[in-house]
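Chemist: take a look and give me a structure for this.
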Amino acid sequence: MNKEMTKASDHMTNHDAHTSALNELSKLSSQIQLGGGKSRIQKHKEKGKLTARERIDYLLDNPKDAIEIGEFAAHQMYAEHGGCPSAGVVVKIGKVSSKMVIVVANDATVKAGAWFPMTAKKNLRAQEISIENKIPIIYLVDSAGVYLPMQDEIFPDKEHFGRIFRNNAKMSSQGILQISAIMGSCVAGGAYLPIMSDEALVVEKTGSIFLAGSYLVKAAIGENIDNETLGGAHTHSAISGVTDYKVKDDFEALDTIKSILDKSNVQSAGTFERSKVKMPEFKSGTVLDYFPSDRSRPYDMRKIIKTIVDQGSITEYKKEYGQTLLTLYAKIDGWSVGIVANQREIVKNAKGEMQIGGVIYSDSADKAARFIANCNQKKIPLIFFQDVTGFMVGSKSEHEGIIKDGAKMVNAVSNSVVPKFTFILGNSYGAGNYAMCGKAYDPRFIFSWPSAQLAVMSGNSAAKVLLQIESSRLTKSGHELSEEKSKALYDKIKASYDNQISPVYAASRLWTDGIIDPSKTRELISKGIEIASYNANIDTYNPGILQV
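Modeler: Below you'll find the model as predicted:
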């Protein structure tokens, strides 16, 4: 078989493996989008209500153009409570009346829209996106409030339920428009969310809002009253004045929100300039061919990048120095970007020494820190493509100052003021995750490919380390670990780690905003920069105490 045939065969193998993973992901997505299941959806509709996803789709100008945040949140969590698909809330970013907004809709088919711990985390993430990008947020409220069996995990702490109302107040003071539609239940502490918004709507017959329902009122003060009289649409629109608009059904509520936004001047011109768009050198779909399905194999990240950036737009910074990291300027869909990407090919440095692909060495860390500073000076958004196993270890690296150079890179990422966007293509291990702008470093958005793996180290490495520790412990106590028990322990540890490093596990805990089709990376970056461009306030870059 000649070289070209081998390459074609490799491309086909890669493409088939990635397509299979995407198909499995699609099946899981379809299951999650059913929320509480078909029977609960039917009961929900019998009340004359749209589902959470139907409400959002009707509201958005172009539903197919929206970005969903946290679709896999809480997947396989709370099994003992019956599960909580998508954390019981749907969050999407898109345009309403030509205004970029983020929409948060409770899914009442999931535990009556009750708030689980991950529900709060997902709502806080939505507010964070709104605050960072200065875009309006729309709440479509239909919730029974806090899920009481887990109240201790959602009620009192800093990043729990109460933080949402604090954010409501802070966002209002910053001039970020918040609109709420009460389309179902809205009880107890949850009643503050819509009323701390700038404008609130309530739907007749289905919408209600009160601090305590009729049963609790009876128990607390002995008053007999029905929920509609207590806190229905007429009560709060005509008597208490709590809500600003009374509407007859879901459709009128959503049409009213569209009308309010249509008359709002809430977004200034974008911060970032956009030039004429050129298509990539390689078609976006070919990214599945170039990215190896065998994660141990090296590959040239430049080929991946050329499926994403505008053709002929690449200017590579310090190409021959620190070659295990690529740093380059480019255009993506007309937007200027700076790209920091792990290079997985094995390369030789200037001294003729071999360097392992995917590992960050002192020279590459130093290069990246300088490049990040340059992008900040030029107000250029940064894109991080992660496929990193960590920083180089060993006496040679320690003597060369890997800790110092790694700290400079982490410092540069931490103090970066331009919007950052992170995509985890393959490995995301240890401190490499941090240096390459992991979730802790405030990327505007962070998405993974189906091939991503997030952990302190690989399952294989973790199993070997823990096995060595256990073997050492037994040896000190005068015992030995048999070969059979050693293998069983290794397999157990590796299986546990392999489950935890999967992209679905990460997405379920909102370590990432979601898992995407790799061929959609270019499109998502372009939308992300457009969203980020509405926040014109970019501070002056200060590299901090570790000067780069």
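Chemist: what segments of the stretch 201-350 of the chain are helices?
Modeler: 214-221, 227-231, 233-234, 250-262, 287-290, 301-305 (DSSP state H, counting those that start in this stretch).
Chemist: mind listing the helices for the stretch 51-200 of the chain?
Modeler: Ranges of helices in the stretch 51-200 of the chain, per DSSP H, counting those that start in this stretch, are 52-59, 117-133, 161-173, 192-195.
Chemist: which among those helices is found nearest to residue 310?
Modeler: helix 117-133 (23.3 Å; CB to CB). Yep, even glycine has a C-beta here, placed from its N, CA and C like the rest.
Chemist: identify the residue nearest residue 168 in space, chain neighbours excluded?
Modeler: Of all residues not flanking residue 168 in the chain, residue 196 sits nearest, at 3.7 Å (CB to CB, 6 or more residues apart in numbering).
Chemist: okay, the helices of the stretch 201-350 of the chain in JSON lines with mean pLDDT, mean neighbour count and distance to residue 180 next?
Modeler: What follows is the helices of the stretch 201-350 of the chain, written out as JSON lines (pLDDT from 0 to 100; neighbours: other CB atoms under 10 Å; distance: least, CB to CB, whole Å):
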{"stretch": "helix 214-221", "mean pLDDT": "86", "mean neighbour count": "12", "distance to residue 180": "23"}
{"stretch": "helix 227-231", "mean pLDDT": "88", "mean neighbour count": "17", "distance to residue 180": "15"}
{"stretch": "helix 233-234", "mean pLDDT": "90", "mean neighbour count": "18", "distance to residue 180": "14"}
{"stretch": "helix 250-262", "mean pLDDT": "97", "mean neighbour count": "19", "distance to residue 180": "9"}
{"stretch": "helix 287-290", "mean pLDDT": "88", "mean neighbour count": "23", "distance to residue 180": "40"}
{"stretch": "helix 301-305", "mean pLDDT": "96", "mean neighbour count": "20", "distance to residue 180": "42"}
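Chemist: quick one: which of the helices of the stretch 51-200 of the chain is nearest residue 9?
Modeler: helix 52-59 (41.2 Å).
Chemist: got the helices of the stretch 201-350 of the chain as JSON lines, with distance to residue 204 columns?
Modeler: Formatted as JSON lines, these follow (distance: least, CB to CB, whole Å):
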{"stretch": "helix 214-221", "distance to residue 204": "18"}
{"stretch": "helix 227-231", "distance to residue 204": "10"}
{"stretch": "helix 233-234", "distance to residue 204": "4"}
{"stretch": "helix 250-262", "distance to residue 204": "9"}
{"stretch": "helix 287-290", "distance to residue 204": "50"}
{"stretch": "helix 301-305", "distance to residue 204": "53"}
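Chemist: tell me which of those helices lies nearest to residue 125.
Modeler: Of all these, it is helix 250-262 that lies closest to residue 125, at 21.5 Å by CB to CB.
Chemist: run through who's touching that closest one.
Modeler: If you take CB atoms under 8 Å, 6 or more residues apart in numbering as the criterion, helix 250-262 is touched by 48-50, 55, 58-59, 96-99, 101, 136, 138, 179, 181, 183, 199, 201, 203, 206, 245, 247.
Chemist: that one vs helix 52-59, what angle?
Modeler: Angle, helix 250-262 to helix 52-59, by axes from the mean of the first three to the mean of the last three CA atoms, to 10 degrees: 50 degrees.
Chemist: mind saving the C-alpha coords of helix 250-262 as PDB?
Modeler: What follows is helix 250-262, C-alpha atoms only, in PDB (Å, rounded to 0.1, in the frame of the first residue of the first chain):
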ATOM      1  CA  ASP A 250     -47.800  31.500  26.200                       C
ATOM      2  CA  PHE A 251     -47.800  32.900  22.700                       C
ATOM      3  CA  GLU A 252     -49.000  36.300  23.800                       C
ATOM      4  CA  ALA A 253     -46.300  36.300  26.500                       C
ATOM      5  CA  LEU A 254     -43.600  35.500  24.000                       C
ATOM      6  CA  ASP A 255     -44.900  38.000  21.500                       C
ATOM      7  CA  THR A 256     -44.900  40.700  24.200                       C
ATOM      8  CA  ILE A 257     -41.300  40.000  25.000                       C
ATOM      9  CA  LYS A 258     -40.400  40.300  21.300                       C
ATOM     10  CA  SER A 259     -42.200  43.700  21.200                       C
ATOM     11  CA  ILE A 260     -40.400  44.900  24.300                       C
ATOM     12  CA  LEU A 261     -37.000  44.100  22.900                       C
ATOM     13  CA  ASP A 262     -37.900  45.500  19.500                       C
END
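Chemist: thinking again about what came up before, and of the helices of the stretch 201-350 of the chain, who's closest to residue 361?
Modeler: Nearest to residue 361, of all those, is helix 301-305, at 15.6 Å by CB to CB.
Chemist: check which helices and strands that closest one is in contact with.
Modeler: helix 287-290, strand 325-332, strand 335-342, strand 382-388 (3 or more CB pairs under 8 Å, 6 or more residues apart in numbering; DSSP states H and E).
Chemist: tell me which of the ones you listed sits most buried.
Modeler: Most buried of the helices and strands packed on helix 301-305 by mean neighbour count (mean count of other CB atoms under 10 Å) is strand 382-388; its value is a mean of 27.
Chemist: who are the packing partners of that strand?
Modeler: Using 3+ CB pairs under 8 Å, 6+ apart, strand 382-388 sits against helix 301-305, strand 335-342, strand 420-429, helix 430-435.
Chemist: one more time with 6 Å, if that's ok
Modeler: Contacts defined by 3 or more CB pairs under 6 Å, 6 or more residues apart in numbering; DSSP states H and E place strand 382-388 against strand 335-342, strand 420-429.
Chemist: kindly reformat the ones you listed as CSV containing distance to residue 519 and mean pLDDT.
Modeler: What follows is those, written out as CSV (distance: least, CB to CB, whole Å; pLDDT from 0 to 100):
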stretch, distance to residue 519, mean pLDDT
strand 335-342, 17, 98
strand 420-429, 13, 96
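Chemist: want to throw these into JSON lines with distance to residue 512?
Modeler: Converted to JSON lines, the helices and strands packed on strand 382-388 look like this (distance: least, CB to CB, whole Å):
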{"stretch": "strand 335-342", "distance to residue 512": "17"}
{"stretch": "strand 420-429", "distance to residue 512": "7"}
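Chemist: where does the prediction get shaky in the stretch 1-150 of the chain?
Modeler: Within the stretch 1-150 of the chain, the stretches with pLDDT under 70 are 1-7.
Chemist: name the nearest residue to residue 491, sequence neighbours excluded.
Modeler: Nearest to residue 491 is residue 463, by CB to CB, 6+ apart, at 7.9 Å.
Chemist: part of a strand, is residue 480?
Modeler: No. According to DSSP: H, G, I helix; E, B strand; the rest coil, residue 480 belongs to no strand; its state is coil.
Chemist: related to what we said a few turns ago, for the helices and strands packed on helix 301-305, which one sits closest to residue 75?
Modeler: When these are compared by CB to CB, strand 382-388 sits nearest residue 75, at 21.7 Å.
Chemist: relative to strand 420-429, how tilted is the closest one?
Modeler: 10 degrees.
Chemist: thanks a lot, catch you later.
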